[in-house]
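Chemist: Quick one, structure for this:
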Amino acid sequence: MSHKTIREIAAAWKEYKRPYVKQSTMAAYVLILENHILPTFGEDNSLPEQSVQAFVLHKIESGLSTKSVKDILIVLKMVMKFGVKKEWMTYYEWDIKYPPSSENKVLDVLSVTNHRKILNHIQSHFTFMGLGIYISLSTGLRIGEICALKWSDINVTDGILTVNRTIERIYIIEGEKKHTELVINTPKTKNSCREIPMNKELLGMLKPLKKVVNDDYYILTNDERPIEPRTYRNYYKRLMEKLDIPKLKYHGLRHSFATRCIEVGCDYKTVSVLLGHSNISTTLNLYVHPNMEQKKRCIDKVFKSLVK
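Modeler: Model prediction:
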């Protein structure tokens, strides 16, 4: 066996992997390698469990979330498996332990009052930029999906909005050269390509516009050029400050939409499909946390069904 360092293996793995993944995915892998894996393991030629475990604990202590650390380990494991396949290193089985997480993190969402306040403001002070926030609150679209939405994706006859692209700025590292690039791509996963019915209020706003706009134009700019997510985030932040809405990340609009769906009793599978989650467990873990009242109702229903 001819041993190579993790840095050498990673360089070969990048070239092997590049043709099979989206450009944005590859950019994320490279960023993980450059920022986390290579500074620690670059000159090593083995990855024993104790080294990886120490790395994990250090990353979590320095402020990274458990999810972020697990994402790093996914890349590290891919590099290791590639190195083993090429007979450049020995395979190691890891049983990594993570510090116990605190209680289920409560998602930041808009109150029903603020949710309605934003919708009302956008309806009475119409702008194309504001329309994007209205759509996000009514459909749960991610910021990249809303920035990439075109008028051709709006079917006012059937009342359907189609999601089939996303826009994001990715970080490109080519040797010593580093730059960012705006890319328009297919959405996050296969399930993220989806059709979403529009409510009557949203449809009422879009129908008259659809008659006069250019189908090839992006909705937020009403132009052939899109707005990028970071610019749109700044617009959103300013609007929330103007409306005196408590600080909430743009993704909180998606969480707010999903929370409203759960609150009114939509079935979980439908909510999962509307959000474009690749797995219903994502929806359940994020949004379904029954309170004591809901648990009691469940127990009562079961009991009543048994004593009929």
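
Chemist: switch to C-alpha atoms for all contacts and neighbour counts from now on
Modeler: Will do.

Chemist: Which segments of the chain make up each domain?
Modeler: 6-85, 112-287 (automatic domain parsing).

Chemist: among those domains, which is nearest K295?
Modeler: Using CA to CA as the measure, domain 112-287 is the one of the domains of the chain that comes nearest K295, at 14.5 Å.

Chemist: okay, how far is it across that closest one, tip to tip?
Modeler: Domain 112-287 stretches 16 Å from its first residue to its last (CA to CA, to the nearest Å).

Chemist: from the middle of its chain, how far away would it be?
Modeler: Taking the mean of its C-alpha atoms, domain 112-287 sits 12 Å from the chain's own mean (CA atoms, centre = their mean, to the nearest Å).

Chemist: where does the chain have low pLDDT?
Modeler: For the chain, the stretches flagged by pLDDT under 70 are 102-106, 188, 289-291, 308.

Chemist: picking up where we left off before, I'd like the domains of the chain as TSV, with distance to K296 and mean neighbour count appended.
Modeler: Supplementary listing: the domains of the chain in TSV, determined by distance: least, CA to CA, whole Å; neighbours: other CA atoms under 10 Å:
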stretch	distance to K296	mean neighbour count
domain 6-85	33	16
domain 112-287	16	17
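
Chemist: out of those domains, nearest to F303?
Modeler: F303 lies closest, by CA to CA, to one member of these: domain 112-287, at 21.2 Å.

Chemist: So R233: helix, strand or coil?
Modeler: In the three-state summary, R233 is assigned as helix, counting by DSSP: H, G, I helix; E, B strand; the rest coil.

Chemist: so which strand or helix has the spatially closest residue to L243 that is not a sequence neighbour?
Modeler: The shortest distance from L243 to any non-neighbouring residue, by CA to CA, 6 or more residues apart in numbering, is to I118 (7.7 Å). Here I118, judged by DSSP states H and E, is contained in helix 112-124.

Chemist: after that helix comes which helix or strand?
Modeler: Tracing the chain past helix 112-124, the next element assigned as helix or strand by DSSP H and E is helix 128-139.

Chemist: Can you name the element that comes right after that next one?
Modeler: Taking DSSP H and E as the definition, the helix or strand that follows helix 128-139 towards the C-terminus is helix 143-147.

Chemist: which ones are touching N214?
Modeler: When the contact criterion is CA atoms under 8 Å, 6 or more residues apart in numbering, the partners of N214 are W151, N222.

Chemist: Specify the local secondary structure of it.
Modeler: Under three-state DSSP, the three-state class of N214 is coil.

Chemist: so R165 makes contact with K190?
Modeler: No. Judged on CA atoms under 8 Å, R165 makes no contact with K190 at a distance of 11.0 Å.

Chemist: ranges for the helices of the stretch 151-300 of the chain?
Modeler: Under the criterion DSSP state H, counting those that start in this stretch, helices of the stretch 151-300 of the chain are mapped to 200-210, 229-242, 251-263, 268-275, 280-287, 292-306.

Chemist: would TSV of those with distance to I219 be doable?
Modeler: Putting those into TSV (distance: least, CA to CA, whole Å) gives the following:
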stretch	distance to I219
helix 200-210	10
helix 229-242	12
helix 251-263	18
helix 268-275	20
helix 280-287	28
helix 292-306	40
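
Chemist: of those, which approaches S65 most closely?
Modeler: Comparing those by their distance to S65 (CA to CA), the top pick is helix 280-287, with 15.6 Å.
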